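In: no sequence on this one, just coordinates:
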């Protein structure tokens, strides 16, 4: 495939291209991505706790005021955990708009207003852990059900442990096993890569 | 099921393209290996542009965070259009490399 006359940069480009193509085919057409994501995310632990903490998902809201799909999935999981009686407090983190959409949803689904706490103003997962420490510190809540996407959990859980919490991970979404289409797998690979890069950055910055 | 269908679809259209190329356009089948190599080269160039875009984007955002008053999210660089435009960059650069080389001194003399 590589002619002997090809120069070194060209040969390197071909090798890189070949590696990218191989990675693409393995990611899209085999369950490797699902297995990797499941291994990285770990298992959820659903047990009674002092609070349910639902992390922000980029602050997205739709035109009708409802949280966007990622935010909505996390909010719904948190509400269901509350409705199952696993904690007395339900905390929504994220941007102000995102939180209000989630609070409204929780109210409509039967969560009493005085059970809901708001933790607005965080831009990063690290900020969220710090703000929630300040918010929940006076209540004495340490053991929390931490609700976020399974890939995000890779980074969120150690950050919350470092902030003094005892987080029980409740992963939302998952490893696309229910939808093993090549497109869903590629999306999963993208999420995993993004989180691994973010974790690398957090480690380099000394946040983890 | 879906994977099999998609791979079959690509195999069928590839075989059709080979038939048209070899029989209607008079292309040599032996040149297909070289064409595959060039495709990989272009793909490698696209990967390099994608990596450069993500790296430079990340550094710009971190720089903006350190000097600006407002928070800038790293997710700003996480957009599928970066991939699409990296494809364009890689293909254009590769085509330029193929066709735009300046003649060396002495080239073309008789």
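Out: Received it, and whenever you're ready, just let me know what you need. Here the structure is a predicted model, which means the values were calculated and not measured.
In: List the residues that contact residue B:53.
Out: B:77, B:82, B:85-86, B:89 (CB atoms under 8 Å, 6 or more residues apart in numbering or on different chains). In this view, the C-beta of every residue, glycine as well, is placed from N, C-alpha and C.
In: now do residue B:3
Out: Residue B:3 makes contact with A:28-29, A:182 under the criterion CB under 8 Å, 6+ apart.
In: Could you report the pLDDT at it?
Out: At residue B:3, the model reports a pLDDT of 87.
In: Could you check how far it is from residue A:28?
Out: Relative to residue A:28, residue B:3 is positioned 8 Å away (CB to CB, to the nearest Å).
In: So for the two, which residues contact both of them?
Out: residue A:182.
In: out of the contacts of residue B:53, which are buried?
Out: Buried members of the contacts of residue B:53, counted by 16 or more other CB atoms under 10 Å in any protein chain shown: B:77, B:86, B:89.
In: Secondary structure element holding the closest residue to the first one other than its chain neighbours?
Out: Spelled out, it's residue B:77. Spatially, and ignoring its direct neighbours in sequence, residue B:77 is nearest to residue B:57 (3.4 Å; CB to CB, 6 or more residues apart in numbering or on different chains). Secondary structure assignment for residue B:57, by DSSP states H and E: helix B:31-67.
In: how about the residues of chain B that lie near chain A?
Out: Taking CB under 8 Å from any CB of the partner chain as the contact definition, chain B meets chain A at B:2-3, B:6-7, B:33-34, B:36-37, B:39-48, B:71, B:73-75, B:78.
In: residues touching residue B:50, list them.
Out: Residue B:50 neighbours (CB under 8 Å, 6+ apart): B:82-83, B:86, B:90.
In: Which residues belonging to the helix holding residue B:57 are considered buried?
Out: Quick answer for helix B:31-67 (16+ other CB under 10 Å): B:37-38, B:40-50, B:53-54, B:57-58, B:61.
In: Now do the helices in chain A.
Out: A:8-29, A:32-41, A:69-83, A:96-108, A:125-136, A:150-162, A:182-204 (DSSP state H).
In: Looking at those helices, spot the one closest to residue A:90.
Out: helix A:69-83 (4.6 Å; CB to CB).
In: what separates the closest one from the chain centre, distance-wise?
Out: 12 Å (CA atoms, centre = their mean, to the nearest Å).
In: give the contact list for the residue most central in space within chain B.
Out: Centroid-nearest residue in chain B, with CA atoms, centre = their mean: residue B:46, separated by 3.6 Å. With contacts defined as CB under 8 Å, 6+ apart, residue B:46 is in contact with A:17, A:20, B:86-87, B:89-91.
In: show me what contacts residue A:79?
Out: Contacts of residue A:79 (CB under 8 Å, 6+ apart): A:90, A:105-106, A:109, A:111.
In: still on that earlier bit, just the ones of the contacts of residue B:53 in helices?
Out: B:82, B:85-86, B:89.
In: Give me the contacts around the worst-scoring helix or strand of chain A on mean pLDDT.
Out: Lowest on mean pLDDT, DSSP states H and E among the helices and strands of chain A sits helix A:32-41, with a mean of 86. For helix A:32-41, the external contacting residues (CB under 8 Å, 6+ apart) are A:26-27, A:150-151, A:153-154, A:171, A:174-177, A:180, A:185-186, A:188-189, A:191-192, A:195-196.
In: What residues of that helix count as buried?
Out: For helix A:32-41, by 16+ other CB under 10 Å, it's A:33-34, A:36-38, A:40-41.
In: cool, and stretch A:99-117?
Out: For stretch A:99-117, by 16+ other CB under 10 Å, it's A:99-103, A:105-106, A:111, A:116-117.
In: Tell me the one of those nearest chain B?
Out: Closest approach to chain B among those (CB to the nearest CB): residue A:99, at 16.8 Å.
In: didn't that closest one look like it was pressed against residue A:117?
Out: No: counting by CB atoms under 8 Å, residue A:117 is not a contact partner of residue A:99; they are 9.7 Å apart.
In: Give me the distance between residue B:81 and chain A.
Out: Distance of residue B:81 to chain A, computed by CB to the nearest CB, to the nearest Å: 13 Å.
In: What about that residue, how many residues nearby?
Out: 7 (other CB atoms under 10 Å in any protein chain shown).
In: now chain B, which segments are flagged as low pLDDT?
Out: B:104-110 (pLDDT under 70).
In: Please repeat the previous calculation with a cut-off of 80.
Out: Across chain B, the ranges flagged by pLDDT under 80 are B:100-110.
In: for chain A, same thing?
Out: A:1-7, A:41, A:58-66, A:68, A:173-180.
In: how far does the helix holding residue B:57 sit from the chain's center?
Out: 8 Å.
In: Contacts only, for residue A:145.
Out: Taking CB under 8 Å, 6+ apart, we find residue A:145 in contact with A:46-47, A:49, A:51-53, A:78, A:81, A:86-87, A:167-168, A:170.
In: how about a cut-off of 10 Å?
Out: Residue A:145 sits next to A:44-54, A:77-78, A:81-82, A:86-87, A:90-91, A:167-170 when contact means CB atoms under 10 Å, 6 or more residues apart in numbering or on different chains.
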